[in-house]
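Chemist: Quick one, structure for this:
(chains A, B and C)
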Amino acid sequence: MTKQLMKGCEAVAEAAIRAGCRFFAGYPITPQNEIPEYMSSRLPEVGGAFVQGESEIASINMVYGASATGMRAMTSSSSPGISLKTEGISYLAGAFLPAVIVNVSRGGPGLGSIQPAQSDYLQATKALGHGGFHTLVFAPSTLQEAVDLTYEAFDYAERDRSPVLVLMDGCLGSIMERVSLPEMKDPAAFEEKKWTVGYNGQSRPTRIITSIYPEMVLENHNKARVDLYAQWAEQDAKAEEFLLEDAQYVVVAYGIAARVAKQAILDLRAKGLKIGMIRPITLYPFPKKSFAKLDSTKIKAIIDIEMTIPAQMEEDIALATRCAIPIRSYGRSGGNLLDDDGVRGAIEKIVGGEA
Amino acid sequence: MEKTYTRPKSLLPLQSGFCPGCLHGTAAKITSEVLDELQQGQNALLVLPVGCATMGLLYWKVDMIGSAHGRAPAVATGAKRSHPSSLVFTYQGDGDLAAIGLGEILSAANRGENITVIFANNATYGMTGGQMAPTTLVGQKSTTSRAGRNAESEGYPIPMCELIKELKAPAFVARYALDTPQNIKKARAGIKRAFECQLENKGFSFVELLTNCPTNWGMSPLQSLEYMQTHTIPAYPLGIFKDKEADKS
Amino acid sequence: MNYVEFSAKLCKSCGYCIKFCPKQIIKMGDVRSVKGYFNPVIEDMSQCIGCLACATVCPEGAIETSREVKTDD
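Modeler: Residues are numbered from 1 along each chain as shown, chains lettered A, B, ... in the order given. Okay, the predicted model is just below:
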């Protein structure tokens, strides 16, 4: 597989094209601008449609319209833009419409910072919109993983007829790495969906795509979501387990934070510290099985490392470990980046019992 | 015996959810008549708004997408660009189109999306109980302008056709009223013109229909038609504001 | 001879057809329909000139019209 040096945002955009995405709508917001920029020239090359919406709200609703006709559709944005899209994402979930949403997150809250951060964990995993729905949330930590997860996200979205969120951050969006790109899928070869609107040549009863229902019907949809989310937890949760076998300290980190933490772990291992890491790849469903393996009699502490303050993943870790293991956290936020010296120093303080 | 008028096939044979005398019904009926006439019923893709017209989900017999409040033109953009063979049109009320959706309608028009927008202007938020809309007339009472709309603090009725006709891209922009048989026939011809515009890939078409709201205007159906003649139509002049095809010939 | 049919299932008694009939031959009936509305009636159908004003203004599409085809033409 030949590898190509690509920028994160552009690699993710190309992955979507190869997954058969033929509609993209987006709006400028740093640090995800290269995704719409790339799509604006690449999509027409493959017979797709690109629209720069007048707002993030318009863009997510364009994706809603495209997806309703059966088109593989995607949008991307960054933190404040994702907040604007959450109503639309709730509508996608409510109308059982597949779509892929990429959040290249930045400092927050508010206009925050255009620098990278991981401040959207709770938004992504607890309430990506009103109404109590969830979406699969993928958190890549390398560009290769970002390509693969975006590529797969379209299949998951159609399997579940649900939006899927790929949560990156400004670092992953901006760095360049060598990636091998998956093979190009041809939308014409896709199986025709039985629920889409838009006449395709065979006469059939009319169809409706909507997210408003009579109360009983809506409740039944919500009950079905309970089963879907249970299925996700059982089959689709993913995590990387790193040097856990003899670990006395376990770092929990995802995305760019996990990459930085990995370096610190290797340095500390070289100094004899028994430390490992659980790296959630799906943030929803949270990878509880990896935590179930931890022996609370052997693990002295879990260290939650995130590029956000206050920590947002801590409660999920506590739930996954039934609060049986003390949890410490370390992070930077507001667009300040984590670095391995900072992470190593924080771990040493925690291990030394000072923090 | 031969039939001289039958109910359009693009409507379900059911009673609508609209109030007695509500002209949403007339608008849906004449639009469906045009779909039948152009044999586009099967090929139509209707994007419905949030408001009384949402009840169209139970009334029209065409493929439909229920959109978020104000976002129908964006949803229609996504649908049309992904499925250009469909006759994609939105049907929106004034709260949906001229308030929360003002960005979407002007942007879709300005991009020249090859879609048709049917805009029912009844100067109120019907579904939610009669609040002031951007199209509410100066002095017209509503549940949020109880003493009547005050221009000093609430501005003036927004003229959508006049705004949209200023944009270069739109191909057809017209306003009709549904208060008399003659006006209804003109409106029907306008809707047909707009659909033909789309079918011939001429670009964005916009049809504003002046309608009523007996319930929230606090009038009988017949009184509401009178109010349209004495108040609504003077505030919103009827006519074709832009017709690229005609301008050429 | 022209005919006008008012659907009891669809009519909501708004009165538009009565107002706009140029011959003023439509009256509001006094029997409630299955839907609870009074429906319009035409006592003397022969007066109908088949102009379709009633069908045009009916918001519910509750009016359908027809006419006799003369056999000799």
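
Chemist: Of all the residues in the stretch 1-150 of chain A, which one is nearest chain B?
Modeler: In the stretch 1-150 of chain A, the residue that lies nearest chain B is residue A:65 (3.0 Å; C-beta to the nearest C-beta). C-beta: built from backbone N, CA, C; applies to glycine.

Chemist: now the farthest one out in chain A, which residue is it?
Modeler: For chain A, the C-alpha farthest from the mean C-alpha position belongs to residue A:203; by C-alpha atoms, centre = their mean, that distance is 39.0 Å.

Chemist: and the nearest residue to the residue of the stretch 1-150 of chain A closest to chain B once chain neighbours are set aside, what is it in contact with?
Modeler: Counting by C-beta to C-beta, 6 or more residues apart in numbering or on different chains, residue A:65 lies nearest to residue B:78, which is 3.0 Å off, once chain neighbours are set aside. Neighbouring residues of residue B:78 by C-beta atoms under 8 Å, 6 or more residues apart in numbering or on different chains: A:23, A:25, A:51, A:61-69, A:71, A:73.

Chemist: Just give me the neighbour total for residue 70.
Modeler: No chain was given, so I picked chain A. When neighbours are counted by other C-beta atoms under 10 Å in any protein chain shown, residue A:70 registers 22.

Chemist: ah, no, chain C please
Modeler: Residue C:70 has 7 neighbours, counted by other C-beta under 10 Å.

Chemist: Likewise for residue A:62?
Modeler: Close neighbours of residue A:62, defined as other C-beta under 10 Å, add up to 34.

Chemist: in a strand, that's where it is, yeah?
Modeler: No: counting by DSSP: H, G, I helix; E, B strand; the rest coil, residue A:62 falls outside a strand, being helix.

Chemist: State the phi and psi torsions of residue A:284.
Modeler: Backbone geometry at residue A:284, expressed as degrees, to the nearest 10, gives phi -130, psi 120.

Chemist: Could you list which residues are in contact with it?
Modeler: So residue A:284 contacts A:124-125, A:134-137, A:232 (C-beta under 8 Å, 6+ apart).

Chemist: circling back: could you report the neighbour count for the residue of the stretch 1-150 of chain A closest to chain B?
Modeler: Neighbour tally, residue A:65, other C-beta under 10 Å: 35.

Chemist: On the three-state scheme, it is what?
Modeler: helix.

Chemist: Could I get the pLDDT score of it?
Modeler: Residue A:65 is assigned 98 on the pLDDT scale.

Chemist: Surely it is in contact with residue B:68?
Modeler: No: using C-beta atoms under 8 Å, residue A:65 is not in contact with residue B:68, being 10.8 Å away.

Chemist: Excluding chain neighbours, what is closest to residue 7?
Modeler: Because you didn't say which chain, this covers chain A. Excluding its sequence neighbours, the residue lying closest to residue A:7 (C-beta to C-beta, 6+ apart) is residue A:176, at 5.1 Å.

Chemist: ah, I was thinking of chain C
Modeler: Distances taken as C-beta to C-beta, 6+ apart place residue C:62 nearest to residue C:7, at 4.4 Å, with adjacent residues excluded.

Chemist: residues contacting the one you found?
Modeler: Taking C-beta under 8 Å, 6+ apart, we find residue C:62 in contact with B:7, C:6-7, C:9-12.

Chemist: mind running it again at 6 Å?
Modeler: Residue C:62 makes contact with C:7, C:10-11, according to C-beta atoms under 6 Å, 6 or more residues apart in numbering or on different chains.

Chemist: any idea how far the residue farthest from the centre of chain A is from residue A:193?
Modeler: Between residue A:203 and residue A:193 the distance, using C-beta to C-beta, to the nearest Å, works out to 17 Å.

Chemist: Residue C:45 now?
Modeler: Residue C:45 sits 52 Å away from residue A:193, going by C-beta to C-beta.

Chemist: So which residue is smack in the middle of chain B?
Modeler: Nearest to the mean C-alpha position of chain B, by C-alpha atoms, centre = their mean, lies residue B:119 at 2.1 Å.

Chemist: Could you list the low-confidence segments of chain B?
Modeler: Where chain B drops to pLDDT under 70, the residues are B:249.

Chemist: and the residue in the stretch 151-300 of chain A that chain C sits nearest to, how many neighbours does it have?
Modeler: Closest to chain C within the stretch 151-300 of chain A is residue A:206: 17.6 Å, counting by C-beta to the nearest C-beta. Residues lying near residue A:206 (other C-beta under 10 Å) number 18.

Chemist: Would you mind giving the secondary structure of it?
Modeler: Classification of residue A:206 using three-state DSSP returns coil.
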